[in-house]
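1. could you work out the structure for the sequence below:
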Amino acid sequence: MIAKKSHYTVAVIGATGAVGKESLEILEERKFPLGGLRLFASKRSAGETLPCQGKSWTVEELTPSSDFNGVDFAFISATDAVSREYGPRLGASGVVVIDDSAVFRMDADVPLVVPEVNAHALAKASRRIIAIPNCTTTPLVMALKPLHDAARIKRVVVTTFQSVSGTGAAAMDELIEQTKALLTFQEVKAEVYPHQIAFNLLPQIGSFGEGGDCSEEVKIVRETQKILGVPNMRITTTTVRVPVMRCHSEAVNVELERPLKPNDARALLTAMPGVTVFDDPVRKLYPMPLDASGKDDVFVGRIREDQSVNNGLNLWIVSDNLRKGAALNAIQIAETLIATAGA
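-> Numbering: from 1, shown residues only. This is a model prediction of the structure:
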């Protein structure tokens, strides 16, 4: 899919958004072999400069006439419309597209990839488009994978507690402004979300379908089934937006076909690449958004038996949604392709 080279040219589409900026930081932190970097955003951001790997790079306006000649990888973290227009076009021109939207995730000929879980699916990218999952699906499948391999999962119940950064920079600004307004007894304005988010919880992420599920809940179910390769896995979800700036948390109940003791689950999760077990209730140690913010790993704790069913376990998962939930996962896919280039 990608030729073996010493350096690669990368395009970041949506470079000035929360995920785009995170991508630049991670490209620098991980010393990604950059030969060139092209940054694209909307007209209002064109001309800005952003730093990466010791250089300043100028943001270009993304237009239908934008030239991607020489680009090896394109990370798209913009709108669904941008992904829908530019993903197929760039893939057909030979660019490897790693897309952060929901547009291609359920396409049969587009792999949906978390490298630690299903890197083998990269071989199926016939259109040169690779999708990354929803930012709650990624940490979920990383925790479920070793448990499923060991004891086969029958059913999963997930409740998410998702930070405002999952909606973007405007939502983060709205939380800050609403908090300031409330603390100074001023009027609160809700523009990004349908209701006030500061000091509140919203049990809705995305639009509601006919059956009453939110679109986010449907995504998590279908994406988890696809990534784990178990299309009939029984999963139910409830997604909640919370007034946290960064990191998504998930309360997960797993019903297994075979017994699995909490200590055995801890051992399996500890051995899982990209997972950190943080679980010592006696010392009041468990994952929190404050712990996971800015970190690459998925943190898992509160691992305990569910006494209400046979072979049940409860887990608490926290992950930085801008890193492993989005930018980091995309860059790890590119790194995996580079590592296997020419093999």
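2. which residues in the stretch 101-250 of the chain form helices?
-> 115-118, 137-151, 169-183, 215-228 (DSSP state H, counting those that start in this stretch).
3. please give me every residue in contact with the closest residue to Gly274 other than its chain neighbours.
-> Distance criterion C-beta to C-beta, 6 or more residues apart in numbering; nearest residue to Gly274, sequence neighbours excluded, is Glu116 at 4.7 Å. C-betas here are computed from N, CA, C, even on glycine. Listed by C-beta atoms under 8 Å, 6 or more residues apart in numbering, the contact set of Glu116 reads 142, 145, 272-274.
4. can you check Leu39 too?
-> Taking C-beta under 8 Å, 6+ apart, we find Leu39 in contact with 11-12, 15-16, 20, 50, 57-60.
5. and which of the residues you listed is nearest Ile220?
-> Ranked by distance to Ile220 (C-beta to C-beta), the contacts of Leu39 are led by Gly20 at 23.5 Å.
6. what's the closest one sitting at in phi/psi?
-> phi -60, psi -50 (degrees, to the nearest 10).
7. make sure it is actually in contact with Gly14.
-> Yes: with contact defined as C-beta atoms under 8 Å, Gly20 counts as touching Gly14 (4.6 Å).
8. which residues does the residue of the chain most remote from its centre contact?
-> Centroid-distance maximum for the chain: Phe185 at 35.9 Å, with C-alpha atoms, centre = their mean. If a contact means C-beta under 8 Å, 6+ apart, then Phe185 has no contacts.
9. which residues sit in contact with the closest residue to Glu48 other than its chain neighbours?
-> Excluding the flanking residues, the one nearest Glu48 by C-beta to C-beta, 6+ apart is Val59, at 4.5 Å. Taking C-beta under 8 Å, 6+ apart, we find Val59 in contact with 15-16, 39-41, 45-50.
10. out of those residues, flag the one nearest to Val242.
-> Looking across these and measuring by C-beta to C-beta, the closest to Val242 is Thr16, at 25.4 Å.
11. quick check: the gap between the closest one and Val156.
-> Counting by C-beta to C-beta, to the nearest Å, the separation of Thr16 from Val156 is 36 Å.
12. ok, those two, which is more surrounded?
-> Set Thr16 next to Val156 and count neighbours by other C-beta atoms under 10 Å: Val156 wins out with 23 against 20.
13. doesn't Val254 make contact with that one?
-> Yes: contact status for Val156 versus Val254: in contact at 5.6 Å, counting by C-beta under 8 Å.
14. what is in contact with these two at once?
-> Counting by C-beta under 8 Å, 6+ apart, the common neighbours of Val156 and Val254 are Leu144.
15. do a quick rundown of the strands in the stretch 1-150 of the chain.
-> For the stretch 1-150 of the chain, strands defined by DSSP state E, counting those that start in this stretch occupy the ranges 8-13, 34-41, 49-52, 55-61, 73-76, 96-99, 129-131.
16. so can I have JSON lines of those showing mean pLDDT and distance to Cys214?
-> Output for those, formatted as JSON lines (pLDDT from 0 to 100; distance: least, C-beta to C-beta, whole Å):
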{"stretch": "strand 8-13", "mean pLDDT": "98", "distance to Cys214": "27"}
{"stretch": "strand 34-41", "mean pLDDT": "97", "distance to Cys214": "28"}
{"stretch": "strand 49-52", "mean pLDDT": "97", "distance to Cys214": "33"}
{"stretch": "strand 55-61", "mean pLDDT": "97", "distance to Cys214": "33"}
{"stretch": "strand 73-76", "mean pLDDT": "98", "distance to Cys214": "24"}
{"stretch": "strand 96-99", "mean pLDDT": "98", "distance to Cys214": "22"}
{"stretch": "strand 129-131", "mean pLDDT": "98", "distance to Cys214": "20"}
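17. pull up the distance across stretch 87-106, start to finish.
-> Terminal residues of stretch 87-106 are spaced 15 Å apart (C-alpha to C-alpha, to the nearest Å).
18. how about that stretch: buried residues?
-> 87-88, 90-91, 95-105 (16 or more other C-beta atoms under 10 Å).
19. average pLDDT across the helix or strand where Asp264 lies?
-> Here Asp264, judged by DSSP states H and E, is contained in helix 262-270. In this model, helix 262-270 has an average pLDDT of 98.
20. tell me what it is packed against?
-> With contacts taken as 3 or more C-beta pairs under 8 Å, 6 or more residues apart in numbering; DSSP states H and E, helix 262-270 sits against helix 137-151, strand 275-277, strand 298-306, strand 312-319.
21. one step back: I'd like the strands of the stretch 1-150 of the chain as a markdown table, with distance to Asp173 appended.
-> As requested, the strands of the stretch 1-150 of the chain are exported to a markdown table (distance: least, C-beta to C-beta, whole Å):
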| stretch | distance to Asp173 |
| --- | --- |
| strand 8-13 | 21 |
| strand 34-41 | 17 |
| strand 49-52 | 19 |
| strand 55-61 | 20 |
| strand 73-76 | 23 |
| strand 96-99 | 25 |
| strand 129-131 | 28 |
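22. among those, which is nearest Asn329?
-> Of the strands of the stretch 1-150 of the chain, nearest to Asn329 by C-beta to C-beta is strand 96-99, at 8.8 Å.
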